[in-house]
Structure formats: C-alpha cells, structure tokens
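Asks: this is the structure alone, sequence omitted:
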C-alpha cells in the first residue's frame, strides 16, 4: 500500500490535509517508521509522489496487515446488517464463557448467524444464548442456546470477580456482575466493623445466591470467623456449596498459613426466616446481609434476633422501593429495630441505581445495638 512519509511532528498537519481531500485510506492506520518519521496510508485517488502538494515528502510502499475486525457485525452479512440495523443487538451480557443476548422478533430467524458472528469475534466465549425473559418461582432467565464453539450447551460456568472465582449458572440462578461494586462496599463495611469490634466477624447471608458477597468477605485475611449462608433456590444452593467450599479451602492467615476453621459454619437450602427458629443461631451474628430486593424490608423483623446483643452489629441490605415511599420505608426499618429496644448508631438509605421510572434500587445500612 502506498504511504506518505512525513516527519513525526508534522503528522497531524498531513493527516488533516489528506482527510480534507479524501486522500487517506481507512484500510490501515498511521505506521511509525524507524527514522523519526510516520507513514500515512494513501488512497488510490491521492496525487502522485511528484505532485507539489506533498512538499517533497516521499511516498513508499508498505505491506500492511489489514485491521482486525473490532465488532461482531464485521463478521455478519453486510446486506442484512444494513437492512436490520435498528433491530440487531447493540449490547449483550457475558458471564464466564457464556454470552447472553436479546434477539428482537424482527431478526429471530437470523439468531444463529448473529451468534456465529459473536463467536468469531469473541474467542473466549463458548456458548451464545438468547435471553427469553424470566420464568418460574425463582425468577431466573430462560435461555435458548444459539451457537456453541465446542458443541456443549451447559450454562454452568465460572466467573472471576474481584480476584476470586465463582460458579454461576444464568439459566438457573440470578447473578448480577453489575452489583460487584456493592460487594466491594460490603467488604469495606465489614472491615470497619472488625476494626470497631477488634475481632473477626460472624456473617450471615441467608439470601446468598451463589455466594458473591461471601466471596469478597472470605477472601479478606482474618475478617470472618464464622458464617451462616444459604438460599431457598436448590440450584443456587448447589453452586453455593461449591463456591463456599472453594473459598474456605483457599483462606490464609496473615502469615500465609491455612486459616483456622470457621465457627459457626453452615450452608443451608432453606427459607431465610427459618434461620432464627433454631436456638443455636440466635444472637450469633455480627453482620447480617438481607438481599431479597422485593421483600427485604418486610423480612427484617424476622431476622433481627440473629444479631448479637449488647454490642455494635450491622444490618446491610438492598430493596426495590417506590421513590414516593422512601421516607416511609426508612421509618419501617427504624421501627423494626426500635420495637426490640434497639439503638440505631448510624443509618444510611441510598440509591444504588434506578430500577424503573418510579422505583429505585436502594441500599440500606444500619449500625445498631440490640439489648440482651
């Protein structure tokens, strides 16, 4: 390909001149030469080297590797891409080696072609699935496999978040990588409580899903001394057991030695409100996580007896709330604690993100002290 060789300091000037006259080629980028010069790719319509417009700057032929495709559409039929430009997917979600994409009705017949193009562009993806919406008691997504790199269609996969590994299955269990920052904030809160109490914490996460919050907490040295975790969804529980086993096995103390065993330590498949019904669980927890967004606040009264008494503990949770009733929900949380004679030391109730035009996804965090 013909290129214009110019001094590096003049590259921008010559680029602008070539672009203004449509003399540059978009088949390659600017190439750095060894003599302090740059080579600008030229289109066939650009004047010959002898033209005075080049001010004596020479032309040269370079063998340039074509630009690698930068988008899955580069591997898709160009005529179809132009015809259905508004209906083709503009975004997708990746969990581990699985790509999940919504396919509009207008282009459903081209679903396999879309998936094949995505597999071609993204070498780390094993399986592309169409998202058909949520279903069932546990409101998990129905996924339709569209194309597989190796012929397997299992949706179980492993992801890495904040340095730790988790088994997930988007067709059986809810998991959101978008809440990773919330888990980082939970870790920060737990470290503050450990510093305040001067000792590691017993953590309860009764709506744990596959255990992403516990991943963050158990990966921190000398932070957790015991944990009670579970989920009502049997599929989530199966993965939770695998993830907790892995996280516990890799725990180290500050000297790099295996950490002491957790106590208490339990992983259960049960209704969260069943945990306080066992006497052994009452008054054992320093940090209680409540993550059932549509019902978190109404579940608080049934869970508070898990917290230790006569010391600072933390209740941290997430809720989907109509913006118009946020003040009432704050009062409801206050009342749940005051009805037990508890003292609230610190309380925040902040929006994490918008959920709909009228609702917000909120995080509440309460530092409290319950009487014995």
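Replies: Everything's here; your move. This one's a predicted model, so the numbers in the text were calculated from it and none came from an experiment. Numbers count the residues shown, from 1 in each chain.
Asks: every contact and neighbour count from this point should use C-alpha atoms.
Replies: OK.
Asks: please enumerate the helices of the stretch 251-372 of the chain.
Replies: 296-303, 326-338 (DSSP state H, counting those that start in this stretch).
Asks: most tightly surrounded among those helices?
Replies: helix 296-303 (a mean of 17; mean count of other CA atoms under 10 Å).
Asks: show me how far it is from its chain's centre.
Replies: 26 Å (CA atoms, centre = their mean, to the nearest Å).
Asks: follow-up on the earlier one: dump the helices of the stretch 251-372 of the chain into CSV; add mean pLDDT and distance to residue 72 as well.
Replies: Compiled in CSV, the helices of the stretch 251-372 of the chain are given as follows (pLDDT from 0 to 100; distance: least, CA to CA, whole Å):
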stretch, mean pLDDT, distance to residue 72
helix 296-303, 98, 40
helix 326-338, 97, 43
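Asks: same list, the ones you listed, but as a markdown table with distance to residue 363 please.
Replies: Formatted as a markdown table, those follow (distance: least, CA to CA, whole Å):
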| stretch | distance to residue 363 |
| --- | --- |
| helix 296-303 | 10 |
| helix 326-338 | 11 |
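Asks: all strands of the stretch 51-200 of the chain, in order?
Replies: In the stretch 51-200 of the chain, strands defined by DSSP state E, counting those that start in this stretch lie at 59-61, 93-95, 98-101, 127-135, 140-148, 157-161, 164-168, listed in chain order.
Asks: redo those strands as TSV? Include mean neighbour count.
Replies: Listed next are the strands of the stretch 51-200 of the chain as TSV, based on neighbours: other CA atoms under 10 Å:
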stretch	mean neighbour count
strand 59-61	15
strand 93-95	16
strand 98-101	23
strand 127-135	19
strand 140-148	19
strand 157-161	15
strand 164-168	20
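Asks: got JSON lines for those, with mean pLDDT and distance to residue 198 too?
Replies: JSON lines is the format used below for those (pLDDT from 0 to 100; distance: least, CA to CA, whole Å):
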{"stretch": "strand 59-61", "mean pLDDT": "94", "distance to residue 198": "70"}
{"stretch": "strand 93-95", "mean pLDDT": "96", "distance to residue 198": "37"}
{"stretch": "strand 98-101", "mean pLDDT": "98", "distance to residue 198": "42"}
{"stretch": "strand 127-135", "mean pLDDT": "96", "distance to residue 198": "44"}
{"stretch": "strand 140-148", "mean pLDDT": "96", "distance to residue 198": "40"}
{"stretch": "strand 157-161", "mean pLDDT": "96", "distance to residue 198": "28"}
{"stretch": "strand 164-168", "mean pLDDT": "96", "distance to residue 198": "26"}
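Asks: need the ones you listed in JSON lines with distance to residue 16, can you?
Replies: Putting those into JSON lines (distance: least, CA to CA, whole Å) gives the following:
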{"stretch": "strand 59-61", "distance to residue 16": "17"}
{"stretch": "strand 93-95", "distance to residue 16": "38"}
{"stretch": "strand 98-101", "distance to residue 16": "39"}
{"stretch": "strand 127-135", "distance to residue 16": "42"}
{"stretch": "strand 140-148", "distance to residue 16": "44"}
{"stretch": "strand 157-161", "distance to residue 16": "44"}
{"stretch": "strand 164-168", "distance to residue 16": "48"}
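Asks: contacts only, for the nearest residue to residue 129 once chain neighbours are set aside.
Replies: Computed as CA to CA, 6 or more residues apart in numbering, the closest residue to residue 129 that is not its neighbour in sequence is residue 145, at 4.3 Å. Residues near residue 145 by CA atoms under 8 Å, 6 or more residues apart in numbering: 127-130, 153.
Asks: among these, which two are most distant?
Replies: 130 and 153 (12.2 Å; CA to CA).
Asks: count the neighbours of residue 50 for me.
Replies: 12 (other CA atoms under 10 Å).
Asks: and the gap between it and residue 59?
Replies: Residue 50 sits 9 Å away from residue 59, going by CA to CA, to the nearest Å.
Asks: also residue 351?
Replies: 59 Å.
Asks: what comes into contact with the lowest-mean-pLDDT helix or strand in the chain?
Replies: Within the chain, confidence by mean pLDDT, DSSP states H and E is lowest for strand 31-32 among all helices and strands, at a mean of 90. Here strand 31-32 makes contact (CA under 8 Å, 6+ apart) with 38-40.
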